[in-house]
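Colleague: Quick one, structure for this:
(one chain, ligands or ions: 1)
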Amino acid sequence: MSLFKKIFSKEKKETLDKGLEKSKTSFFNKLSKAVAGKSKVDDDVLDNLEEVLVSSDVGVETTLKIIDKIEERVSKDKYFGTDELNGILREEIAALLAKTNTGNETEFAIPKDIEKPYVIMVVGVNGVGKTTTIGKLAAQFKKQGLKVVLGAADTFRAAAIDQLQVWADRVDVPMVRQEMGSDPASVAYDTLQSAVTQNADVVIIDTAGRLHNKVNLMNELSKIKRVMQKVAANKPDDVLLVLDGSTGQNAFEQAKQFTKATEVTSLAVTKLDGTAKGGVVIGISDQFQIPVKYIGVGEGIDDLQVFNKIEFVDSFFK
Ligand SMILES: Nc1nc2c(ncn2[C@@H]2O[C@H](COP(=O)(O)OP(=O)(O)OP(=O)(O)O)[C@@H](O)[C@H]2O)c(=O)[nH]1
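Modeller: Sure, this is the predicted structure:
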């Protein structure tokens, strides 16, 4: 491993540790209360643990799965002590995450076996950190020496186009835009066309995420896809749903709506640094069986990380 990589990994780890601090403190405070005065894991401890997991935004479904697994282990080994609970929780959560997050990626990269350009269509409601995530992603891909083109297909609000332009300028990548109110699919088409002409490696398309009308959202997203496929077959390669981790259960609700409206292939969970609700990462990836690809652990350009289940669990249970 090169020195640069070593330094980068250390920095990445520190940012992750810091980003998850609030979630960790809150979780382990609750956990220690849940087992206070108990030496063995019994029904009371399991009930308390269930509450801890639900109140840490792991979600009811995933919490019940974890509790079932621990119950199985308790019934096998009657002498299972509360001091072992941490290790066992860590194993069960790692196993859950491994089902969806099957890879072990640590760095920003695009798959080698796809036809260039790699197209990421970004979806999510306003305010979740969509624009910021696109900007940070563009910066990381550019750092890898890849040629990136952005498409401002959230034409619903002028501010959305302008905000993305700020990031495009900051990262120094081209952005394709049209007037506010123009057809998002037309912007996506132009963006892909321009990327193909420039022989770009990565295209990132911003879309509007208006949830108030599911049929409209569905129609808009499928039209964008359909029109892009006129330029290049099988695009987009990735439909990335951005969720604000600090909204906890609201993020679950948004995931539900968006997965109904379009085929979401990966998730980015942002703003984990400012919240104690980090458990959403575990619950959402499990409940929707969609891999978490990126996590946002700060506002800085380098504070978007490739989600790695091992690093995440290591940091959480450190
Ligand atoms: N602390 C923290 N802040 C973040 C993170 N990601 C985004 N933000 C902040 O969240 C706010 C909203 O981000 P935007 O990128 O503007 O959100 P958006 O979804 O594009 O929203 P609109 O521009 O309103 O459509 C900004 O102030 C970002 O700096 C994160 O990982 N951590």
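Colleague: what about residue 167, how many residues close to it?
Modeller: When counting by other CB atoms under 10 Å, one arrives at 22 neighbours for residue 167. The C-beta positions use only the backbone N, C-alpha and C, and glycine is treated the same way.
Colleague: Please identify the helix or strand for it.
Modeller: Of the helices and strands defined by DSSP states H and E, residue 167 is found in helix 158-171.
Colleague: what comes up buried for that helix?
Modeller: Under the neighbour-count criterion of 16 or more other CB atoms under 10 Å, helix 158-171 has 160-161, 163-164, 167-168, 171 buried.
Colleague: could you pull out the helices for the stretch 51-200 of the chain?
Modeller: In order along the chain, the stretch 51-200 of the chain carries the following helices (DSSP state H, counting those that start in this stretch): 60-76, 85-100, 130-143, 158-171, 184-197.
Colleague: Ok, which of those helices comes nearest the ligand?
Modeller: Proximity to the ligand, assessed across those by CB to the nearest ligand atom, is greatest for helix 130-143 (3.2 Å).
Colleague: Tell me if the closest one is near the ligand.
Modeller: Yes - in this structure, helix 130-143 sits against the ligand according to CB under 6 Å from any ligand atom; the contacting residues are 130-132.
Colleague: Spit out the contact partners of residue 225.
Modeller: 121, 235-236, 262 (CB atoms under 8 Å, 6 or more residues apart in numbering).
Colleague: per-domain residue ranges of this structure.
Modeller: As given by automatic domain parsing, the domain ranges for the chain are 3-100, 118-310.
Colleague: Format those domains as TSV; extra columns: mean pLDDT.
Modeller: Conversion of the domains of the chain to TSV gives the following (pLDDT from 0 to 100):
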stretch	mean pLDDT
domain 3-100	89
domain 118-310	94
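Colleague: Against residue 255, how distant is residue 262?
Modeller: Taken as CB to CB, to the nearest Å, the spacing of residue 262 relative to residue 255 amounts to 12 Å.
Colleague: Among these two, which residue is more densely surrounded?
Modeller: The residue with the greater number of neighbours, taking residue 262 and residue 255 and applying other CB under 10 Å, is residue 255; the counts read 23 against 19.
Colleague: hang on, the more buried one packs against residue 242?
Modeller: No - with contacts counted by CB atoms under 8 Å, residue 255 stays clear of residue 242, the gap being 10.6 Å.
Colleague: where do the contact lists of the two overlap?
Modeller: residue 267.
Colleague: Let me know the angle separating the helix holding residue 167 from helix 184-197.
Modeller: Here the directions of helix 158-171 and helix 184-197 differ by 20 degrees (axes from the mean of the first three to the mean of the last three CA atoms, to 10 degrees).
Colleague: coming back round to it: between the domains of the chain, which one is nearest to residue 317?
Modeller: Taking CB to CB, domain 3-100 is the member of the domains of the chain nearest to residue 317, at 4.3 Å.
Colleague: Can that closest one be said to contact the ligand?
Modeller: No - contact of domain 3-100 with the ligand (CB under 6 Å from any ligand atom) is absent, the minimum separation being 7.8 Å.
Colleague: coming back round to it: any idea which of the contacts of residue 225 has the most stuff around it?
Modeller: Looking at the contacts of residue 225 with neighbours defined as other CB under 10 Å, the largest count falls to residue 121 at 26 neighbours.
Colleague: What residues does that residue make contact with?
Modeller: Taking CB under 8 Å, 6+ apart as the definition of contact, the neighbours of residue 121 are 188, 205, 207, 221, 224-225, 228, 236, 238-240.
Colleague: Which residue comes closest to it once chain neighbours are left out?
Modeller: Taking CB to CB, 6 or more residues apart in numbering as the measure, residue 121 lies nearest to residue 236, with 4.1 Å between them; neighbours along the chain are not counted.
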